[in-house]
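Engineer: requesting a structural model of the entry that follows:
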Amino acid sequence: MNRIKLVLSLIASLLLGVVLGAYLFSDTQRRPFLALRNCEGNCFQPNELVGLMASVGIQKFPGLIPSVVKETDKTIVVDQPGAHTGIHYLVIPKRDIRNAAVISDADRDSLVDLFGVMGEIVREKNLTDYQIMTNGPGYQTVSYLHFHLVAR
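Structural biologist: Numbers count the residues shown, from 1 in each chain. As a prediction, the model looks like this:
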């Protein structure tokens, strides 16, 4: 009887894990390290894992993100931890976009909102000397499209 309970518990745990995983990762883009086919030696990259976790956190648990400066239904802005400049914000679309190369028409509304939010911040803070930057995959430490709004 104990063995049956153990097997049933394992099956229930597996099913719960599949359902929970399907929910958490339902709105994320496919990451190479998860690809089981066509793997060409670089399937596991730490920045891809961090990007996937960032996507889940931003989409499913935005209330847990620290140092939020501004938020809309499509964009979240956080104060860059450990920044050495006057202002260094990370401006992040809530829609999972890995990098600029994979932007599609479906991302249009999210990116329009993102740039609108950056414009609001620039106007609210009367910024004139500022930069807006993003990195491509080779320079990203997190494989998730985000912008740096930096000002003195």
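
Engineer: which residues in this structure form strands?
Structural biologist: Listed in chain order, the strands found in the chain under DSSP state E are 68-71, 75-79, 87-93, 130-133, 147-151.

Engineer: can you put the ones you listed in a markdown table and add mean neighbour count, mean pLDDT and distance to residue 106?
Structural biologist: Yep, even glycine has a C-beta here, placed from its N, CA and C like the rest. As requested, the strands of the chain are exported to a markdown table (neighbours: other C-beta atoms under 10 Å; pLDDT from 0 to 100; distance: least, C-beta to C-beta, whole Å):
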| stretch | mean neighbour count | mean pLDDT | distance to residue 106 |
| --- | --- | --- | --- |
| strand 68-71 | 15 | 91 | 21 |
| strand 75-79 | 20 | 92 | 16 |
| strand 87-93 | 21 | 93 | 12 |
| strand 130-133 | 14 | 94 | 22 |
| strand 147-151 | 19 | 93 | 19 |
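
Engineer: could you pull out the helices for this structure?
Structural biologist: In order along the chain, the chain carries the following helices (DSSP state H): 2-24, 46-60, 108-124.

Engineer: OK, contacts around residue 90?
Structural biologist: With C-beta atoms under 8 Å, 6 or more residues apart in numbering as the criterion, the residues that contact residue 90 are 77, 78, 79, 80, 146, 147, 148, 149.

Engineer: out of the helices of the chain, which one sits most buried?
Structural biologist: Ranked by average neighbour count under the criterion mean count of other C-beta atoms under 10 Å, these are headed by helix 46-60 at a mean of 18.
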